[in-house]
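>>> Structure, please.
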Amino acid sequence: MDVDIVFDAHTLDSAMRYLAPALYDEAIESAVIDLAHFAEARIKERTPDDTGHARRSTRTNLGKATRGAESEAVVNLKYPYASWLETGRDSRGRVMKVRAGGYRMVELAHAEAEVEMPAILDRAGREIAKRWSE
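Okay, here's the model as predicted:
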């Protein structure tokens, strides 16, 4: 089970068209990393902590940001019972009794990341603008 965080660089061109290519790539890469770590933290906050294995096994894998291509980061839940915790249902149809519907860690983190995305993009742009003006 994964959370994909993808920025389509073509749609961001109008917002960041005044940046030099290297600064543009840096701003996008910074935003992707920040958003991925934001989502990872939210998932870990909601993950039940019995032994700590599920939280330790939730990791972010980052792709390289390039102008004119997609920048990508993936938050991986690398444990066999991730779907069980997320949905409250296993592959054989058994339903979790303790928490009907599961914990929805990924679903809720994804929704929060979408809300947070404009602020993260704005922060990345402001950091670049600040360095540019110095």
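
>>> tell me which element residue 97 falls in.
Here residue 97 sits in a region with no helix or strand, counting by DSSP states H and E.

>>> Just the local confidence number for residue 40, please.
We have a pLDDT of 95 for residue 40.

>>> Count the residues that sit near it.
Neighbourhood size, residue 40 [other CB atoms under 10 Å]: 22. Using the backbone N, CA and C atoms, a C-beta is placed for each residue, glycine as well.

>>> how much space between the residue nearest the centre of the chain and residue 48?
Nearest to the geometric centre of the chain sits residue 36, at 3.1 Å (CA atoms, centre = their mean). From residue 36 across to residue 48, the span is 22 Å (CB to CB, to the nearest Å).

>>> now residue 57
In this view, residue 57 and residue 48 are 13 Å apart by CB to CB.

>>> and the top helix by length along the chain, how far out from the chain's middle?
Ranked by residue count, the top helix of the chain under DSSP state H comes out as helix 105-133. Relative to the centre of its chain, helix 105-133 is centred 10 Å away, using CA atoms, centre = their mean, to the nearest Å.

>>> Now it: buried residues?
Buried residues in helix 105-133, counted by 16 or more other CB atoms under 10 Å: 105-107, 109-110, 112-113, 117, 120-121, 124-125, 128.

>>> tell me what that helix is packed against?
Helices and strands touching helix 105-133, by 3 or more CB pairs under 8 Å, 6 or more residues apart in numbering; DSSP states H and E, are strand 2-8, helix 21-46, helix 82-87.

>>> Can you lay out these as TSV showing distance to residue 63?
Listed next are these as TSV, based on distance: least, CB to CB, whole Å:
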stretch	distance to residue 63
strand 2-8	9
helix 21-46	8
helix 82-87	21
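
>>> weakest of those in terms of mean pLDDT?
Note on these: strand 2-8 shows the lowest mean pLDDT, a mean of 66.

>>> looking at this structure, which helix or strand does the model trust least?
The helix or strand of the chain with the poorest confidence is helix 9-12; it has a mean of 63 (mean pLDDT, DSSP states H and E).
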